[in-house]
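K.L.:
could you work out the structure for the sequence below:
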Amino acid sequence: MSDLSHLKFLVTPPHPCSYLEDREAVTLFVDPTTKMTNQLYSAMSALGFRRSGKHVYRPHCGSCQACVPIRIPVDEFQPRRRHRRILSRNQDLVVEVRAAEYRDEYFALYCDYMASRHADGDMYPPSPDQFQSFLLSTWSDTHFLVFSRGEQPLAVAVIDVINDGLSSIYSFFDPREERRSLGSNAILHQIELARKMGLSHLYLGYWIEECRKMTYKSEYQPFEQYRANRWVRIDDHTTNLEFPAGN
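P.N.:
Here you go, the predicted model:
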């Protein structure tokens, strides 16, 4: 693991939590002047940090520990019947790993998704600059996993390749194709891609048990949570399977 002793961090003032009402959040950022590399980013990911654009961060909320990093050991994952049905419904889609870049068709899909799912969020309305500053960076090994019907992309999963896995940064998809469960389909394909690449984990970001939008992340079992400075394996977590897929 990279030497992290030289790192400096910045802490934001308290701000409204995006996931839990009536709570304030504080975010810890790696100093943006740090010369970030994919090797350093991989080490930070193993400690529960995430990437947003060129920034590497982790929740730092004092008494609240609701945000829990979660990852899937891909060789141990076994798809459930629901997963197999989702894969079957999407067999007609072409799946490609492409360069991470701005394209008009990606941005149009992103806008449709944001308007449908996050019109009340702080990233709405989206712009081309916001799309790029949120999803891309100059130092990460980032790719787009694109799901297309003919020439039309229906879903895009933004993934970073790190030392021991894939980090699922964000997914956006056509909100009109609800029956396809495109968010879940994207996760299933990311698990398989990590396995094919010989990587051990798919990092899914933060899981919040009290937040319904996050429930889907615990469906992919077994999974591991980062608690008390170590990854803890969870073999059986009861979930309600009737939930929308997203990121």
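
K.L.:
can you give me the helices in the protein?
P.N.:
Taking DSSP state H as the criterion, the chain contains helices spanning 38-45, 81-89, 104-117, 128-135, 182-196.

K.L.:
ranking those by burial, who's on top?
P.N.:
Comparing these by mean neighbour count (mean count of other CB atoms under 10 Å), helix 182-196 ranks first with a mean of 21. Just so you know, the C-beta spots here come from the backbone N, C-alpha and C atoms, and that holds for glycine as well.

K.L.:
tilt between that helix and helix 104-117?
P.N.:
Angle between the axes of helix 182-196 and helix 104-117 is 130 degrees (criterion: axes from the mean of the first three to the mean of the last three CA atoms, to 10 degrees).

K.L.:
and helix 182-196, average pLDDT?
P.N.:
Per-residue pLDDT over helix 182-196 has a mean of 98.

K.L.:
before we move on, what about stretch 220-228?
P.N.:
94.

K.L.:
list the buried residues of it.
P.N.:
Going by neighbour count (16 or more other CB atoms under 10 Å), the buried part of stretch 220-228 is 220, 223, 224, 225, 226.

K.L.:
same check on stretch 200-212?
P.N.:
Neighbour count says stretch 200-212 has 200, 201, 202, 203, 204, 205, 206, 207, 208, 211 buried, by 16+ other CB under 10 Å.

K.L.:
most widely separated two among those residues?
P.N.:
Using CB to CB, the pair of those lying farthest apart is 200 and 211, separated by 26.9 Å.

K.L.:
residues contacting the closest residue to residue 181 other than its chain neighbours?
P.N.:
By the measure of CB to CB, 6 or more residues apart in numbering, the closest residue to residue 181 outside its immediate chain neighbours is residue 86, 4.7 Å from it. Residues in contact with residue 86 (CB atoms under 8 Å, 6 or more residues apart in numbering) are 180, 181, 184, 185, 188.

K.L.:
surely the last one meets residue 87?
P.N.:
So that's residue 188. Yes: look at residue 188 against residue 87 with CB atoms under 8 Å: they come within range, at 6.0 Å.

K.L.:
can you check which residues contact both of those two?
P.N.:
residue 79.

K.L.:
want to throw the buried residues of stretch 220-228 into JSON lines with distance to residue 13?
P.N.:
Shown next, in JSON lines, are these (distance: CB to CB, whole Å):
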{"residue": "220", "distance to residue 13": "35"}
{"residue": "223", "distance to residue 13": "32"}
{"residue": "224", "distance to residue 13": "32"}
{"residue": "225", "distance to residue 13": "28"}
{"residue": "226", "distance to residue 13": "25"}
